[in-house]
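A.B. asks: Got a sequence here, can you build the structure:
(one chain, ligands or ions: 2)
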Amino acid sequence: MSLEAWYIDSSDEDQRKPHRLQPNQPVSLEELRKLGVCHWKLNADIYETDPELERLRKDQGYSYMDIITIHKDTLPNYEDKLKMFFEEHLHLDDEIRYILDGHAYFDIRDKEDRWIRISVSKGDLITLPAGIYHRFTMDETNFTKAMRLFVGEPVWKACNRPADHFDIRQKYVASLQGS
Ligand SMILES: CSCCC(=O)/C(O)=C/O
Ligand SMILES: [Fe+2]
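C.D. replies: Residues are numbered from 1 along each chain as shown. Ligands and ions are numbered 1, 2, ... in the order given. The predicted structure follows:
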């Protein structure tokens, strides 16, 4: 199954709401791919023994993994972390997340700097390219369990916008040309 994504409005109302435009302006998987976003749908019920996940990790070099459960009762400093995740930022490496349960949204900027909201739920493995401006929020269900994957030792550093001076940002912008 495909990912659902759409352009969002600029309202400051509760970030957990879908914020769709009226009428809805969907974004296809192909358009996401042109921005460097990749997606796989896996069977999250068997993540501990899933040969498909094992193969993907081997092929992509995702040697590191941990699991984060984002809920007010499980995540220390829950509110602060949510605020941090929703600050527009980029990373020096790809962000690779496999949703094991629940739902959430990743927002990414398109080439014209417009926000696209990507809805992720159980079974979605999504990668955001290094250098893309993005943010993360819970949806109204307020629960997500995700596997965080990384090539080598994880670097959790988030560079809040403006971060245009980073080489990785310039590399990412250059990668969009002609796509
Ligand atoms: C689903 S993991 C929490 C979000 C996160 O780690 C991040 O970097 C969001 O951009
Ligand atoms: Fe991030």
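A.B. asks: what helix or strand is the residue minimising distance to the centre of the chain on?
C.D. replies: Centroid check for the chain by Cα atoms, centre = their mean gives residue 106 as the closest residue, at 4.4 Å. In this structure, residue 106 sits in strand 95-109 according to DSSP states H and E.
A.B. asks: partners of that strand in the sheet?
C.D. replies: The pairing partners recorded for strand 95-109 under DSSP bridges are strand 115-121 (antiparallel), strand 124-128 (antiparallel), strand 134-137 (antiparallel), strand 144-150 (antiparallel).
A.B. asks: what's the average pLDDT for it?
C.D. replies: Average pLDDT, strand 95-109: 98.
A.B. asks: ok, now stretch 49-68?
C.D. replies: Mean predicted lDDT for stretch 49-68 stands at 98.
A.B. asks: hey, where'd the strands end up in this protein?
C.D. replies: Counting by DSSP state E, the chain has strands at residues 4-7, 38-41, 64-70, 89-90, 95-109, 115-121, 124-128, 134-137, 144-150, 159-160.
A.B. asks: Output the ones you listed in a markdown table; the columns should cover distance to ligand 1.
C.D. replies: Using the backbone N, CA and C atoms, a C-beta is placed for each residue, glycine as well. Below are the strands of the chain laid out as a markdown table (distance: least, Cβ to the nearest ligand atom, whole Å):
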| stretch | distance to ligand 1 |
| --- | --- |
| strand 4-7 | 16 |
| strand 38-41 | 14 |
| strand 64-70 | 5 |
| strand 89-90 | 6 |
| strand 95-109 | 5 |
| strand 115-121 | 8 |
| strand 124-128 | 7 |
| strand 134-137 | 4 |
| strand 144-150 | 4 |
| strand 159-160 | 11 |
